[in-house]
Every structure is written in C-alpha cells, then in structure tokens.
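Asker: pasting the sequence and the predicted model now:
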Amino acid sequence: MTSVLYIGNNLKDSRRNITGIAHLGPVLEGEGIRVFYASSQKNKVVRLLDMLYACWKYKGKVDYVLIDTYSTLNFWYAVWVAQLCRMFKSKYIPILHGGNLEMRLKQNPLWCQRLFNRALINIAPSRFMENTFARYGYNNLRYIPNSIDLDKYQFKSRPLHEPQILWVRSFSNIYNPELAVKVMKGLKDEGINTSLCMVGPDSGDGSLEATKSLAGALELEVSFTGKLSKEKWIALSQDYNLFINTTNFDNMPVSVIEAMALGLPVVSTNVGGMSYLIDHERDGILVNPDAEAEFVDAIKILISNPERLKTMTKAARQKVEAFDWSVVREQWLTILK
C-alpha cells in the first residue's frame, strides 16, 4: 500500500475555509493510499515543530511527503520540512498554492531553489502557477488542478433580472471584500434592485469589521453568514444568480470552480491565475482589480443579454468537468502509485 505524509495547515478553525490538505488527503485515502497528517496545532511554533517531528517519525515509513506550499509564513514551514526530508532522504512533493507565490521566487531565490529544485516534482494546481515557475527556470513541474466532486454541484440556469450576488471567501485584505459592497452600491445607484450575501470566516485582519462598517455607512443590507460548510453554502447558492470574485491575488480558487459548476455566472478580477481559469466573455467576465465601475458594467451586460448569459454558464460548466475527481485522480495516482 502506498503511504504518504501530508504536511499542511490541517486546522479545524472557524476562521479558515477548507484547505488543500483537508480536501486532497481524504480523497487520496479513498483511493487506498494511507495518509498521515501534520499539523493541526494552532500555535505557529508548535505547528512547525509538530511538522518536523512527523518528518522524523515517518522517515522510511512513507513513500512520499506532500507539502502544501504558500507565499506567506507557511512558505518557511515548507522550507524547513524540505530540509529535513532531504536529510532523511525522503521524497517530497511541494503543492504550489497561493496567487502570490511568485513573490517568494523574487525575494528568496536561493531558498526557493533548495526547496523546489530538489523536490521529486512540484505540483502546480493551475496553468498560471506552472507557467510562473517555468519562467523562473523550474522544469520539474506537473500541472494537476484542484478537484471537486462534480456530482455534488447541480447545474441550474438562472435569470438575472435582479442581481442576487453571492461572494464566497475568507474575509482577508487580499480578497478585497469591501469591493463587493461597493459593487452592490454601484448597481443600486443605477436603479438596479440588488442583494448581496457574503459567505466566509473572519481571518482576523479587520476585513470583516471594515466590510460591515462600509455596508452600514452606505445604508446597505448585506447578509453575512460567517463560515458555512460546503453543503450549506451549495444549498444557499440556489437562492442566488450571480457570483463575484473581488480578490487582489489569486491562483485557482475552488470557490470559483464551484460557482461555475453550479451555473452561477462569474464576474472576477483579472489577477493571478484567473485568466487561466476563465476565458473572458466566453465562460465568465474578467475586470481590473479594485474596479467597481467595471464590475457594474459587466453585470449590466449580463442582465441585458440573457442568451449570452445562458451560453456563458453552459460553457463554464463544461470547462469545470475537467476538474472532477474522476479525471484528476488519474494524474495523482500516476505519481503516487
């Protein structure tokens, strides 16, 4: 039996949406792979020590070490875990998350070379990330997209006479949640009756409070649900007919893939890997970051063109069929088995 140690932030935390480790680990287990995890420790120092201890504990006992790799503080977790893996001659595979990982390639080139060049292979969940790393001279790359279980996402065609907007992300500055409120205000100023529901946990950086304050100042009724389980937000989505993604940095967000699967038309900022996921005006609409007026204009176009809207959402659903686990599983199993 193939066995892996999966290193990532495996926290059960109301402030976090489901991470890569929480999704990929269980589906790999479903394929008969034995998976060990680290770490669920909340304290950052203790978490790092737990990750390093797991590398020692399972050395020689697992076939591979998977490492969720981000651009933030977690980058250094990956660096030190990889160092230990090399010491123990464990085969390790970084999984490249986060739309701003290029920042590390620029600012920490030597550490990146040690981490990525000496890996068995680096998994890029988006063509954007694959191409970014290739530009910096890395060639031990494999594109394997984030996956969903498509059977759980019932496609539904939705009229868009009055935008009922859904936003799903954690409340964090990099995701620019206040822009969603500004878009709602812009539509109302155009005389368009609009509602907005914002789903996601509070990251603790003040974004949630700022967004609520802005909605209050603009006298807008915005629904804030907090963090919802996957099942609950999918059920909630049946009451909405438009999905917006306001982020300033992005890679291959699963929430946008899910919206496309559900038949929700998507208007997103054109940042990071979004242009690799959405073909502008074919299966979604891309606008400039922090551009409230462009969001409003794009939504007005969708309202006035119902046939175009229908064609766009069908094309989006067809595209994300390639992200179903039944397709993606073969790519993972080719590496791990």
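Answerer: In hand now; what should we look at? All values reported here derive from a predicted model rather than from experimental measurement.

Asker: could you chop the protein up by domain?
Answerer: 3-144, 150-322 (automatic domain parsing).

Asker: could you pull out the helices for the stretch 1-150 of the chain?
Answerer: Taking DSSP state H, counting those that start in this stretch to define them, one finds helices in the stretch 1-150 of the chain at 20-29, 44-57, 74-87, 102-107, 109-112, 127-135.

Asker: any chance of JSON lines for these, columns distance to E190?
Answerer: Backbone N, C-alpha and C define where each C-beta goes, glycine included. Converted to JSON lines, the helices of the stretch 1-150 of the chain look like this (distance: least, Cβ to Cβ, whole Å):
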{"stretch": "helix 20-29", "distance to E190": "39"}
{"stretch": "helix 44-57", "distance to E190": "46"}
{"stretch": "helix 74-87", "distance to E190": "41"}
{"stretch": "helix 102-107", "distance to E190": "37"}
{"stretch": "helix 109-112", "distance to E190": "46"}
{"stretch": "helix 127-135", "distance to E190": "33"}
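
Asker: weakest of those helices in terms of mean pLDDT?
Answerer: For the helices of the stretch 1-150 of the chain, the weakest mean pLDDT is recorded on helix 20-29, namely a mean of 88.

Asker: which elements pack onto that one?
Answerer: Using 3 or more Cβ pairs under 8 Å, 6 or more residues apart in numbering; DSSP states H and E, the elements in contact with helix 20-29 are strand 3-7, strand 34-38, strand 64-69, helix 325-336.

Asker: re the thing from before, which one of the helices of the stretch 1-150 of the chain lies closest to W325?
Answerer: helix 20-29 (5.8 Å; Cβ to Cβ).

Asker: residue boundaries of the strands in the stretch 151-300 of the chain?
Answerer: 164-168, 195-199, 222-226, 242-245, 266-269, 285-287 (DSSP state E, counting those that start in this stretch).

Asker: so what's A38 up against?
Answerer: Each residue near A38 by Cβ atoms under 8 Å, 6 or more residues apart in numbering is listed here: 5-7, 10, 50-51, 53-54.

Asker: kindly export the helix or strand harbouring K314 (C-alpha atoms) in CSV.
Answerer: Element membership for K314, per DSSP states H and E: helix 306-320. Taking Å, rounded to 0.1, in the frame of the first residue of the first chain, the C-alpha atoms of helix 306-320 are listed here in CSV:
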residue,chain,number,x,y,z
PRO,A,306,-30.0,36.6,-21.3
GLU,A,307,-29.0,34.3,-24.2
ARG,A,308,-25.4,35.3,-23.9
LEU,A,309,-25.6,34.6,-20.2
LYS,A,310,-27.1,31.1,-20.8
THR,A,311,-24.3,30.3,-23.3
MET,A,312,-21.7,31.6,-20.9
THR,A,313,-22.8,29.5,-17.9
LYS,A,314,-23.1,26.3,-20.0
ALA,A,315,-19.6,26.8,-21.3
ALA,A,316,-18.3,27.3,-17.7
ARG,A,317,-19.9,24.1,-16.6
GLN,A,318,-18.4,22.2,-19.5
LYS,A,319,-14.9,23.6,-18.6
VAL,A,320,-15.0,22.6,-15.0
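
Asker: so for that helix, mean pLDDT?
Answerer: Average pLDDT, helix 306-320: 97.

Asker: just the buried positions in it, please.
Answerer: 309-310, 312-313, 316-317, 319-320 (16 or more other Cβ atoms under 10 Å).

Asker: give me the contact list for that helix.
Answerer: Residues external to helix 306-320 that are found in contact with it (Cβ under 8 Å, 6+ apart): 148, 150, 155, 157-160, 257, 260-261, 263-266, 278-279, 281-284, 301-302.

Asker: quick check, F75 in contact with R104.
Answerer: Yes - counting by Cβ atoms under 8 Å, F75 does reach R104; the two are 5.4 Å apart.

Asker: for this protein, where's the lowest mean pLDDT among helices and strands?
Answerer: Lowest on mean pLDDT, DSSP states H and E among the helices and strands of the chain sits helix 20-29, with a mean of 88.

Asker: CA atoms of it as CSV?
Answerer: Extracted in CSV, the C-alpha atoms of helix 20-29 (Å, rounded to 0.1, in the frame of the first residue of the first chain):
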residue,chain,number,x,y,z
GLY,A,20,-5.8,21.7,0.3
ILE,A,21,-4.8,19.2,3.0
ALA,A,22,-8.4,18.9,4.2
HIS,A,23,-9.7,18.1,0.7
LEU,A,24,-7.0,16.2,-1.1
GLY,A,25,-6.0,14.0,1.9
PRO,A,26,-9.4,12.3,2.3
VAL,A,27,-9.8,11.7,-1.5
LEU,A,28,-6.4,10.1,-1.6
GLU,A,29,-7.4,7.9,1.3
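
Asker: could you check the angle that helix makes with strand 34-38?
Answerer: Put simply, helix 20-29 runs at 160 degrees to strand 34-38, going by axes from the mean of the first three to the mean of the last three Cα atoms, to 10 degrees.
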